[in-house]
Structures are given as C-alpha cells and as structure tokens.
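A.B. asks: Got a sequence here, can you build the structure:
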Amino acid sequence: MRVAILTVLLWACVTNANAQIELVTSIPIQADQIATSESFAYVAAGNTLTVFDIASPTTPIQLGTVDVPDRIYGMSVKANRAYLATGLEGLHVVEITRNESSSVTIVGLYPTPGQAVDVALIGTHAVISNLMTGLEIVNLQAPQNPIYVATVETPGYQRAVRSSGNLAYVIDQPSGIHSFDLSDPTAPVSVGLHPAGRVPARNVTVQNTRAYVVYQQTGLIEIVDITSPTNPKLLGHYEATGQPEMVAADQTSIVIPKRDDGIEIVNLVDPTAPTVTATYDTSGTARDIAIHGDYLLVADSKSVEILRWR
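C.D. replies: Predicted structure coming up:
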C-alpha cells in the first residue's frame, strides 16, 4: 500500500535569534513513538506500527501497517526492520519489503520471561529491557529465529535501554543509569553507574560522549559526560515544563517534546548554561521526536508533524 500525504507549508513560532522551525507537512494519524532509519519512518500508536517512505520529507508515502498482540512499549529500527518491545508478548521483528507493492510484516518473535518495555541494538544482538526480569540479550543473526544469549540483572525495575558502540545504558528505577559492556554478548560486564536524583529517572538518550537523563516527574534533564563509562560525570542540567518522557539529541542541541507545551530546542554547547533557541506548538500532545537530518519528526496525539529546523 502506498499513500501519498498532502504537503503544507507554514511558519511556526520562533524564539531567540537565528532559530527557525518550519512545518513541512502533517500526517493525520495518532502517534506515540517515532523512529527513522535510512528513508523509513516508523510510527507506533497503541499496538499498531505504521511505516512511511520519507525519501522526500515533503511528500511522505505510507507503505503499510501491522498490528501486534500487545502495546508497543519501545522500539529500535535498523534499515528495513523494526524491533518492537511488546510487553508480555515479548519482542516482535517487523520487516518492510519494497517490490512492485510494499508490505509490512512480522517475520520474527521472541517470547520474553517478563514484560518487554524497551529494546536497543548492538551489532547483531538485541538488548531487551524486561522491567522486572533484567536485561535479556538475544542473537538476531536470523531475525526469523531470535536466540537467547544471556541475562544481566539490575537492582530494581529496568525501563529505557540505549546503546552506543558495545555499551548498553539502562534506566533502572530507582537506582539510576547502569552501563554494561557487551563486547562479548554471552558475558555482559557491569561498567558504571550514574545514580538517580531524588525521583526515579524515566528515560535516557545517548549521543556521542553524552547521556541525557530525563526525569519526567520534575521535568529535569541531566547532562552527563560518559567519555569514561566507568566514571560518568554530571556536566549540567536543564529544567523543562510539560513533564517530557524523552529527548532527541544531535551534536549541539536537544529537542524536547513537552506534551501539551509543544516542543523546545535547547543549545547545549555550554552544558552549564543551556539556551533555548526555538519553540514550536504542535497540534496536540507532543510525545516523541526523531531527528532526521534537517528535519524533526514529531509523534503527536493528533498527527505526525514533519518540521524543517535548519
């Protein structure tokens, strides 16, 4: 199925000098999460995954949808595959095929012992956050037949998990961010810990040598230097409104979906003095953001909004 989306061009609200955000197009579907890989955009809402071709971001084309048995709690994407953490239903592997017609199909399933709430990719392996039963490492060389490799525990509840190189970073509630070296996936090694603040951390985004830790209850975002994973150092922090669940990051900035308060771009060249460079009010509740080159793709309760931001 290929459905072209009508393009609109509008100027958005801008704050501070030299910052502009332009609405390129809006796709009228509900969205909870969004991720991009190559020319694909993956949009999760409830238990439904919808895939778009965004080779031309001004005219996205819907390629298809697929439903899974439980809610999509988290996902990671690579090329033409999406790996979905689907709660008590485990890990689903979804593949996009492009021939004369396009299809989006489930090609693999791995039942987890706990509630799969997030997933990250390291090489040919998935690292699954299972909420109460630890991190599970699964071999994906044959995506139709994922194979168990190892489990590693943290003290509390495992939530978000991210990867950088051979390292996995997991939010543990209430203790903080734990890092594990998966150079040998059969024998994960605990590397470091950045303790949580006075409330449990909700999410983490890893970009190069920094981790951005999100405390949804308070809106606090910690900027942590992870150059040495064994000795993470707090560089600074930023307090956002709207109780954000996550942030997206590039080399110099973070982009924050602030739910009913729209989105906010914050420059962090100097992490001790975060500077707001732009804001934008989405049509509904901004939940998630993916950075795709010069574009931001915003998962909103009323639509997917594609914004040009540089």
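A.B. asks: State the number of residues packed around the nearest residue to Asp260 once chain neighbours are set aside.
C.D. replies: Spatially, and ignoring its direct neighbours in sequence, Asp260 is nearest to Thr285 (5.6 Å; C-beta to C-beta, 6 or more residues apart in numbering). The way it works is simple: take the backbone N, C-alpha and C, and place the C-beta from them, glycine included. Residues near Thr285, counting by other C-beta atoms under 10 Å, number 19.
A.B. asks: Now Thr285, what are its backbone angles?
C.D. replies: For Thr285, the backbone dihedrals (degrees, to the nearest 10) come out as phi -110, psi 110.
A.B. asks: go on, the one 4 residues further on?
C.D. replies: Here the main-chain torsion angles of Ile289 (degrees, to the nearest 10) amount to phi -140, psi 140.
A.B. asks: Surely it and Lys258 touch.
C.D. replies: No: contact between Ile289 and Lys258 fails when scored by C-beta atoms under 8 Å: they sit 10.3 Å apart.
A.B. asks: which of those two has more neighbours?
C.D. replies: Legend: neighbour count by other C-beta under 10 Å for Ile289 and Lys258, higher for Ile289 (26 against 21).
A.B. asks: give the contact list for the residue lying closest to that one once chain neighbours are set aside.
C.D. replies: Once flanking residues are discounted, Ile289 sits nearest to Ala248: 4.4 Å by C-beta to C-beta, 6+ apart. The neighbours of Ala248, taking C-beta atoms under 8 Å, 6 or more residues apart in numbering as the test, are Thr205, Ile254, Val255, Ile289, Ala290, Ile291, Leu296.
A.B. asks: So what sits opposite the fourth one in the bridge?
C.D. replies: Taking DSSP bridges as the rule, Ile289 bridges to Val298.
A.B. asks: do you know how far the residue nearest to Ile289 is from Pro57?
C.D. replies: 16 Å (C-beta to C-beta, to the nearest Å).
A.B. asks: Over to Gln115?
C.D. replies: In terms of C-beta to C-beta, Gln115 sits 35 Å off from Pro57.
A.B. asks: same question, Ile256
C.D. replies: Counting by C-beta to C-beta - Ile256 and Pro57 are separated by 21 Å.
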